[in-house]
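Chemist: Here is a sequence with its predicted model. Questions after.
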Amino acid sequence: MKQITGKILIGLTIAVMLYSAMQVLLLTAERVRLFTKAGYAIPTRLFALFDIMLILLFAIPATRRAGFILSACYYSAGLATRMIVHESIAEPMLILVLLFTTMWFTDRKIFIPRKDS
């Protein structure tokens, strides 16, 4: 049951991260407004490329830990930026909750270090 829950959470997390990356890649009106409000003169698609790199790191089991750590840092910065410009924090918060929940179900060792004998 734990493995099934983990696989579902991995898929859901990747889907939400991909949705976020596509919004940046396509430069939707909402994203352009957020970039402008955050102080970026020209909205850039480099953020979308970084998003896609993080998704790939998280999707591959051998690099999932690195993908988790980098994604947590990236979306935490996004959360802080949205708080500074007084925008909704729902999207980065959802992604962070999914990331941490997924890792809790799939690889708990990242949170609880093993005891050395």
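Modeler: Sure, I can see it. Numbering: from 1, shown residues only.

Chemist: Just the buried residues of the helix or strand where A77 lies, please?
Modeler: Applying DSSP states H and E as the criterion places A77 in helix 64-84. Buried residues in helix 64-84, counted by 16 or more other CB atoms under 10 Å: 64, 67-68, 70-72, 74-75, 78-79, 81-82. Heads up, the C-betas are built off the backbone N, CA and C, glycines and all.

Chemist: wait, what's in contact with S20?
Modeler: Counting by CB atoms under 8 Å, 6 or more residues apart in numbering, S20 makes contact with 51, 91, 95.

Chemist: rerun at 6 Å
Modeler: Not one residue lies near S20 by CB atoms under 6 Å, 6 or more residues apart in numbering.

Chemist: Distance check, it against F50.
Modeler: 11 Å (CB to CB, to the nearest Å).

Chemist: ok, now Y74?
Modeler: Y74 is 7 Å from F50, by CB to CB.

Chemist: Please identify the buried residues of the worst-scoring helix or strand of the chain on mean pLDDT?
Modeler: Within the chain, confidence by mean pLDDT, DSSP states H and E is lowest for helix 29-37 among all helices and strands, at a mean of 85. Within helix 29-37, the residues scored as buried using 16+ other CB under 10 Å are 31, 34-35.

Chemist: And these, which is closest to T5?
Modeler: The nearest member of the buried residues of helix 29-37 to T5, counting by CB to CB, is R31 at 31.7 Å.

Chemist: Quick check: mean pLDDT of the lengthiest helix in the chain?
Modeler: Determined from DSSP state H, the single longest helix within the chain is helix 2-25. Summarised as a single mean, pLDDT over helix 2-25 is 92.

Chemist: Buried residues, that helix. List them.
Modeler: 6, 9-10, 13-14, 16-17, 20-21, 23-25.

Chemist: Tabulate those residues (CSV), appending distance to W104.
Modeler: Formatted as CSV, the buried residues of helix 2-25 follow (distance: CB to CB, whole Å):
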residue, distance to W104
G6, 9
L9, 9
I10, 12
T13, 12
I14, 16
V16, 17
M17, 17
S20, 21
A21, 23
Q23, 27
V24, 27
L25, 29
